[in-house]
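[1] Turn this into a model:
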Amino acid sequence: MKSYTKYLVFNTRNRRELVRITGRVEDAVRESGVREGLVLVSAMHITAAVFVNDDEPGLHQDIWDWLQELAPYGPDYRHHRTGEDNGDAHLKSLLIHNQTILPITNGRLDLGPWQQVFYAEFDGQRRKRVIIKVIGE
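    Prediction:
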């Protein structure tokens, strides 16, 4: 069994940002030489997420609105008693989750016709990382 690891680095301009990373995941799969297997894509921070969905701006706004409704940005989090101001970012990460596992078939990322891989940042404007771990034959 082969394994391959690649790190992506982000320094988002905004506190909240969505970055399509499908091409970079495809690059890692190609670089790995794995023909059949799985790829794990995982945000290495507790205020970010990785998910698969459609790359459609209206849907993106719906996702942001939904997250804001469930975990609104604001001062009313116990976590803020520690001097932080990102309690909502931690909860948003839990709602979307920090990682996804995707299939590799015939040496290619095997996504559905509208599926794209996204990195979602909820507390940005500083250096963050994503790990891509490819395993298989």
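[2] When you work out contacts or count neighbours from here on, use the C-alpha atoms and nothing else.
    Will do.
[3] quick one: pLDDT of the residue of the chain most remote from its centre?
    Distance from the C-alpha centroid of the chain peaks at Arg81, with 27.5 Å (CA atoms, centre = their mean). Listed pLDDT for Arg81 reads 93.
[4] Near Asp76, how many other residues are there?
    Residues lying near Asp76 (other CA atoms under 10 Å) number 12.
[5] got it, and Pro57?
    9.
[6] Other residues contacting the longest helix belonging to the chain?
    In the chain, assigned by DSSP state H, the helix with the most residues is helix 57-70. Helix 57-70 has contacts (CA atoms under 8 Å, 6 or more residues apart in numbering) with 92, 95.
[7] repeat that for 10 Å
    16-18, 53-54, 71-74, 88-89, 91-93, 95-96, 120, 122 (CA atoms under 10 Å, 6 or more residues apart in numbering).
[8] Now do the spatially most central residue of the chain, the pLDDT please.
    Per CA atoms, centre = their mean, the C-alpha nearest to the average position across the chain is that of Val50, at 1.9 Å. At Val50, the predicted lDDT confidence score is 98.
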